[in-house]
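**Student:** Mind folding the following:
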Amino acid sequence: MAEERKILIVEDERKIADTLKLGLEENGFYVEVAYDGKIGHQLIVTHRYDLIILDINLPGMNGYDLCRAIRYRDPDKLVIMLTSMSSLDDKVEGYDAGADDYMVKPFEFRELLLKIRALLKRTPGQAVPVGNVLRAGDLEMNLDTKEVHRAGQRIKLTAKEFQLLEYLMRNKNRVVSRADLAINVWDVDFNTNTNVIDVYISYVRNKVDKDFDYKLIQTHVGMGYILKTGGS
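**Tutor:** Next up, the predicted model:
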């Protein structure tokens, strides 16, 4: 239930933080606020939160480092970065740090609320249809340990790369469009002005396919991508 969900906002702009807190509380969430990155980290260590909203330019500890610290403690913790840093490089660094979503200020509160609710639907246990291991050819993904192996070789992925590969594996042998990936991996409506998805496909390909003769992740020009098993 939404009223049982606890959210931590780590934001040094007090007006934004306090307005967010009020809006989320009006929508049934329990909300705490930290105006400093180190204080936010202390709260995360000592309290349980279902979702964390982070600014990047924070005193004490920046949002990238804080997100990495969160991921180190709990790989499944839900994190949204909410920041004025809008370049593609900023977004890539945010996702690499482990953010589940990335929003740029100024923003619509209703959109943030939609993203929060979408992420909370993905709480542990809900997204695993059969067992806790996904397999596609010689590629294996353990959803409990967050480990990926191909032909017995360990593949290290960032949190966002793991989510992207997981979606491709769940839809193996089926072409998925960029819009599919935007909605289901990034929880955002597809934005034709960004190539974040293509960048991350390249990252995952480099790790999953580079050292192997058979390339699992294939491009269907004008249609999207497919993780294809068997055949060449």
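**Student:** hey, what's the closest residue to residue 211 other than its chain neighbours bridged with?
**Tutor:** Once flanking residues are discounted, residue 211 sits nearest to residue 153: 7.4 Å by Cβ to Cβ, 6 or more residues apart in numbering. Where you see a C-beta, it was placed from the backbone N, CA and C, and this is true even at glycine. In this entry, residue 153 is beta-bridged to residue 150, by DSSP bridges.
**Student:** same deal with residue 176?
**Tutor:** The partner list for residue 176 in beta bridges (DSSP bridges) reads residue 225.
**Student:** my read: residue 78 touches residue 51, true?
**Tutor:** Yes. Look at residue 78 against residue 51 with Cβ atoms under 8 Å: they come within range, at 4.2 Å.
**Student:** overlap in contacts of those two?
**Tutor:** Any residue near both residue 78 and residue 51 by Cβ atoms under 8 Å, 6 or more residues apart in numbering counts here, and that gives 119, 120.
**Student:** Surely residue 166 touches residue 140?
**Tutor:** No. Applying Cβ under 8 Å as the test, residue 166 and residue 140 come out as separate, 11.9 Å apart.
**Student:** which residues touch residue 64?
**Tutor:** Contacts of residue 64 (Cβ under 8 Å, 6+ apart): 56, 93, 94, 97.
**Student:** got JSON lines for those residues, with distance to residue 202, neighbour count and secondary structure too?
**Tutor:** Output for the contacts of residue 64, formatted as JSON lines (distance: Cβ to Cβ, whole Å; neighbours: other Cβ atoms under 10 Å; DSSP: H, G, I helix; E, B strand; the rest coil):
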{"residue": "56", "distance to residue 202": "24", "neighbour count": "23", "secondary structure": "coil"}
{"residue": "93", "distance to residue 202": "16", "neighbour count": "18", "secondary structure": "helix"}
{"residue": "94", "distance to residue 202": "17", "neighbour count": "25", "secondary structure": "helix"}
{"residue": "97", "distance to residue 202": "18", "neighbour count": "25", "secondary structure": "helix"}
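**Student:** Sweet, I'm off.
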